[in-house]
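A.B. asks: Quick one, fold the following:
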Amino acid sequence: MTFSVSESSRGAKNPVDPRVPYGFFQEHEIGAEGRVEAVNVVLLTNRECPFRCIFCDLWKNTLDHRVEPGAIPGQIRYALERLPAAQTIKLYNAGSFFDGNAIPPEDDEVLCRMLRGMRTVVVESHPAFVGERCFRFADKLSAHLQVAMGLETANPRVLARLRKGMTPESFAVAAAALRAHGIGLRAFIIVGLPFQSRSEAVEWAMRSLDFAFDCGAEVCTIIPARGGTAQMEALRQTGEFVEPLLVDVERVTEYGVQLGRGIVLADLWDIERLFVCTCSTERAGRLDVINRTQKVPPPVECPQCTGSCGYLQ
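C.D. replies: Numbering: from 1, shown residues only. A predicted model of the protein is given here:
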């Protein structure tokens, strides 16, 4: 089944200021050495990504034009002056850090100087932008560079329908290039994507973990699919998209951690939208324990769960 959603139907963007990041905060995440560490996250105000993935709502906090040179260092400086110290920083720009129409290349030297003292710097990129600029940036950076790429799914049929402009093969090629230059890889995997049954979505999320680790991923983040965009809501109406259950996130995360091939994290942002039972809060807390320890605790026992919640299926 095909569908068409007009550009205007997706709604208006939120007002953002190119002089400041649209978000910044400190979180805590387990590191490669097994210790939970502080991580500063800066959500950079930037031009909208050219890849209009049907599931993505990050465009809501973007600009219609590229920021001027100097704006991105200014945004990072603004955030770091207001955040506690941390040795890891994530610079997410709702697109690709190495896209010249997003982050001005003229800023690379300044950014590398600004980030001295960091142990790890994480940026995001579409595989299409993993190239010479990325490699030069890593060479100049004193910290370990880790590039976060949205694999989303290794299911080629579903991936093609997400309008992401990539294939599992192109992801693997970009991952190999990162590995050849000593750059780390972080992969995003979505559970509950449209165009498949719920059981298929869980199965393919697990296969996608296998694929990402085969590509050399150091960290994999499991993100539950969400509606809200015009495209996803249109698919909900046709029955081609149903939001995942919390138990689906549990199953995929547990599977990944038990592989023992790298760090696996469940994305708990806005996790409350998946709460369907009195045990949901406890289940979300269990996922937080898994995130922090990379160990799988005993399952939550809930006498109130029914098949409709998914926990006994």
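A.B. asks: Pull the contacting residues for the residue nearest to the spatial centre of the chain.
C.D. replies: With distances taken as C-alpha atoms, centre = their mean, the residue of the chain nearest its centroid is Phe188 (4.5 Å). Residues near Phe188 by C-beta atoms under 8 Å, 6 or more residues apart in numbering: Ala148, Met149, Gly150, Leu151, Glu152, Cys220, Thr221, Ile223. In this view, the C-beta of every residue, glycine as well, is placed from N, C-alpha and C.
A.B. asks: part of a helix, is it?
C.D. replies: No: according to DSSP: H, G, I helix; E, B strand; the rest coil, Phe188 belongs to no helix; its state is strand.
A.B. asks: in the chain, which ranges drop under the pLDDT threshold?
C.D. replies: Scanning the chain for pLDDT under 70 picks out 1-10, 306-313.
A.B. asks: Swap in 90 and give it another go.
C.D. replies: The chain contains residues with pLDDT under 90 at 1-12, 32-33, 50, 52-60, 227-231, 276, 278, 301-313.
A.B. asks: buried stuff in the helix with the most length in it?
C.D. replies: Once the chain is assigned using DSSP state H, the helix that runs over the most residues is helix 198-214. Buried positions in helix 198-214, judged by neighbour count with 16 or more other C-beta atoms under 10 Å: Arg198, Ala201, Val202, Glu203, Trp204, Ala205, Met206, Ser208, Leu209, Phe211, Ala212, Phe213.
A.B. asks: For Ile189, see how far away the third one is.
C.D. replies: The gap separating Val202 from Ile189 is 11 Å, by C-beta to C-beta, to the nearest Å.
A.B. asks: Can you check which residues contact both of the two?
C.D. replies: By C-beta under 8 Å, 6+ apart, the residues touching both Val202 and Ile189 are Val252.
A.B. asks: pretty sure Ala79 contacts Asn40?
C.D. replies: Yes: Ala79 is in contact with Asn40 according to C-beta atoms under 8 Å; the separation is 7.2 Å.
A.B. asks: which neighbours do the two share?
C.D. replies: With C-beta under 8 Å, 6+ apart as the test, Ala79 and Asn40 both reach Phe24.
A.B. asks: Name the nearest residue to the residue nearest to the centre of the chain, sequence neighbours excluded.
C.D. replies: Gly150 (4.4 Å; C-beta to C-beta, 6 or more residues apart in numbering).
A.B. asks: Torsion angles phi and psi at that neighbour?
C.D. replies: phi -80, psi 100 (degrees, to the nearest 10).
A.B. asks: I'd like to know how many residues surround it.
C.D. replies: Neighbour count for Gly150, taken as other C-beta atoms under 10 Å: 24.
A.B. asks: Tell me if I'm right that it and Gly165 touch.
C.D. replies: No: between Gly150 and Gly165 there is no contact, the gap being 11.0 Å when judged by C-beta under 8 Å.
A.B. asks: list the buried ones in stretch 178-192?
C.D. replies: For stretch 178-192, the neighbour count (16+ other C-beta under 10 Å) marks Leu178, Ile183, Gly184, Leu185, Arg186, Ala187, Phe188, Ile189, Ile190, Val191, Gly192 as buried.
A.B. asks: could you pull out the helices for this protein?
C.D. replies: 71-80, 108-114, 132-140, 156-161, 168-180, 198-214, 230-238, 246-259, 280-293.
A.B. asks: which helices and strands does the second one pack with?
C.D. replies: For helix 108-114, the helices and strands in contact under the criterion 3 or more C-beta pairs under 8 Å, 6 or more residues apart in numbering; DSSP states H and E are helix 71-80, helix 132-140.
A.B. asks: ok, and what's touching it?
C.D. replies: Against helix 108-114 from outside (C-beta under 8 Å, 6+ apart): Gly70, Ile72, Pro73, Ile76, Arg77, Arg133, Arg136, Phe137, Lys140, Leu141, Ser142.
A.B. asks: For those, give me TSV that also has distance to Glu27 and neighbour count.
C.D. replies: Shown next, in TSV, are the contacts of helix 108-114 (distance: C-beta to C-beta, whole Å; neighbours: other C-beta atoms under 10 Å):
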residue	distance to Glu27	neighbour count
Gly70	27	13
Ile72	21	28
Pro73	22	17
Ile76	17	22
Arg77	20	13
Arg133	28	17
Arg136	29	16
Phe137	24	22
Lys140	27	14
Leu141	22	19
Ser142	23	12
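A.B. asks: out of those, who's nearest Cys277?
C.D. replies: Comparing these against Cys277 with C-beta to C-beta places Ile76 closest, at 41.2 Å.
A.B. asks: if you skip the residues just before and after it, what's nearest to the closest one?
C.D. replies: Val42 (5.7 Å).
A.B. asks: Now do that neighbour: how many residues are near it, please.
C.D. replies: Neighbour tally, Val42, other C-beta under 10 Å: 23.
A.B. asks: I am finished for the moment; much appreciated.
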